[in-house]
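*Asks:* Next one to model:
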Amino acid sequence: MSQQKVVLLLGSNLGEQKKNIELALQKIQEAGNNISQISEFLFSDPVEFASSNIFCNIATVIFTHLTPIQLLNCIKSIEVEMGRINDSKVSGGYTDRLIDIDIIKYNDLNFKSERLEIPHKKHLFERDFSRILLKDFI
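*Replies:* Residues are numbered from 1 along each chain as shown. I've put the predicted structure just below:
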């Protein structure tokens, strides 16, 4: 399978946020994905839930051989390995988290399943911090 261009957003609002994101990027690369671009760090308030913990976020472009579902499984595994307990799709709401990794785009694919929607419409069209991070990647 050829390499697929994917845009990811990573965020953390617990612990040492920048280090959490850097570790997640390292694990993404160790899983066989090639990181080609990384945005600057952006700090922002939580969206769609209340917390006194500020988020640190980045966008990144990777190239992967994984299918969308394989990539989702990979990043969910990284989140769990890093200590993420609650997944918003499972718990039905957003909470503070050590790491959050979202697939925003996968080539020009339109894909929807119970676990994954590509493109990630909330990040592309509704969230200001996402649009700032993604402006050079989309």
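*Asks:* Q4: what's it in contact with?
*Replies:* Q4 makes contacts with F63, T64, H65, L66, Y106, N107, as judged by Cβ atoms under 8 Å, 6 or more residues apart in numbering. Glycine gets a C-beta too; all of them are placed from N, C-alpha and C.
*Asks:* How about F111: what's its closest non-neighbour residue?
*Replies:* Counting by Cβ to Cβ, 6 or more residues apart in numbering, I118 is the residue found nearest to F111 once chain neighbours are left out, at 4.3 Å.
*Asks:* Next, the contact list for the one you found, please.
*Replies:* By Cβ under 8 Å, 6+ apart, I118 lies in contact with P68, I103, I104, K105, Y106, L109, N110, F111, K112.
*Asks:* Tell me who's in contact with I75.
*Replies:* Per Cβ under 8 Å, 6+ apart, neighbours of I75: L8, I28, I101, I103.
*Asks:* and with 10 Å instead?
*Replies:* 8, 10, 24, 27-28, 31, 33, 66, 99-103 (Cβ atoms under 10 Å, 6 or more residues apart in numbering).
*Asks:* Alright, calling it a day.
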